[in-house]
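Colleague: coords please:
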Amino acid sequence: MSVSFRPRVCLCVLPLALLAACTTSRQAVYQNEAFGDTNTYSHVYLASAAETCEAARRALLSQGYVITSSRTDAVNGRKNFQPNGDVHAEIEFHVVCAPDSADGKNSVAFVNALQDHYALKKTNNAASVGVPALGSVSLPFTGSDDSLVKVASQTILESKFYDRFFGLVERYLPASERLSEKPQPDSLPAPDKPQAEK
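Modeller: As a prediction, this is how the structure comes out:
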């Protein structure tokens, strides 16, 4: 007697430790990590690491983010959103600044943003009433407890989202190069001397 097996069908008589092999062939998330693109989450600035992180802190503040921690080499910020009454979203920014040159005048900012989604969960309360003939009976009443439950969490992957942030950080960097273009007091033309009255 011959037994034929169809592809992708597992015998479920295996021990529990091997039941993972009975799942359908789903590609693991880490297989999409090519570690090739370095432009989405990083940007080089012509400023020191401390100046870059300070500019990032001001950029987040200007957009309504609450700064949860701030150091000379790292900044974290959080902002809450509510698309509708039952859905709550939160974006958390993580910025790390590191020197990118031997003299420390250039730096690179590494940025990633995490987006969490919460849903409103309602739990009805019930009260137990003891009845001698029936025993304990649970009777629901109108009260309910509302709580937010995290339903999703994902790193934001869109490169344009980070490009907008990098551009805003650029605006808050010290404009030392503009100061060098301004005429210095020595190079200012001397004021015209008043002519002596005849």
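Colleague: now the helices for the chain?
Modeller: Assigned by DSSP state H, the helices in the chain fall at 49-62, 159-171, 176-181.
Colleague: nearest to residue 85, out of those?
Modeller: Using Cβ to Cβ as the measure, helix 159-171 is the one of the helices of the chain that comes nearest residue 85, at 25.6 Å. Where you see a C-beta, it was placed from the backbone N, CA and C, and this is true even at glycine.
Colleague: pull out the buried positions in that closest one.
Modeller: Neighbour counts over helix 159-171 (16 or more other Cβ atoms under 10 Å) mark 162, 165, 166, 168, 169 as buried.
Colleague: which pLDDT value does the model give residue 143?
Modeller: Per-residue pLDDT puts residue 143 at 54.
Colleague: again with residue 184
Modeller: 45.
Colleague: repeat that for the one 10 residues further on.
Modeller: Among the per-residue scores, residue 194 shows a pLDDT of 53.
Colleague: could I have stretch 59-69 exported to PDB, CA atoms only?
Modeller: Provided in PDB are the C-alpha atoms of stretch 59-69 (Å, rounded to 0.1, in the frame of the first residue of the first chain):
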ATOM      1  CA  ALA A  59      13.700  70.600  15.000                       C
ATOM      2  CA  LEU A  60      11.600  68.100  17.100                       C
ATOM      3  CA  LEU A  61      10.400  70.900  19.400                       C
ATOM      4  CA  SER A  62       9.300  73.000  16.500                       C
ATOM      5  CA  GLN A  63       7.000  70.200  15.400                       C
ATOM      6  CA  GLY A  64       5.300  69.600  18.700                       C
ATOM      7  CA  TYR A  65       7.400  66.600  19.900                       C
ATOM      8  CA  VAL A  66       8.000  66.200  23.600                       C
ATOM      9  CA  ILE A  67      11.700  65.700  24.400                       C
ATOM     10  CA  THR A  68      12.000  62.700  26.600                       C
ATOM     11  CA  SER A  69      15.800  62.700  26.800                       C
END
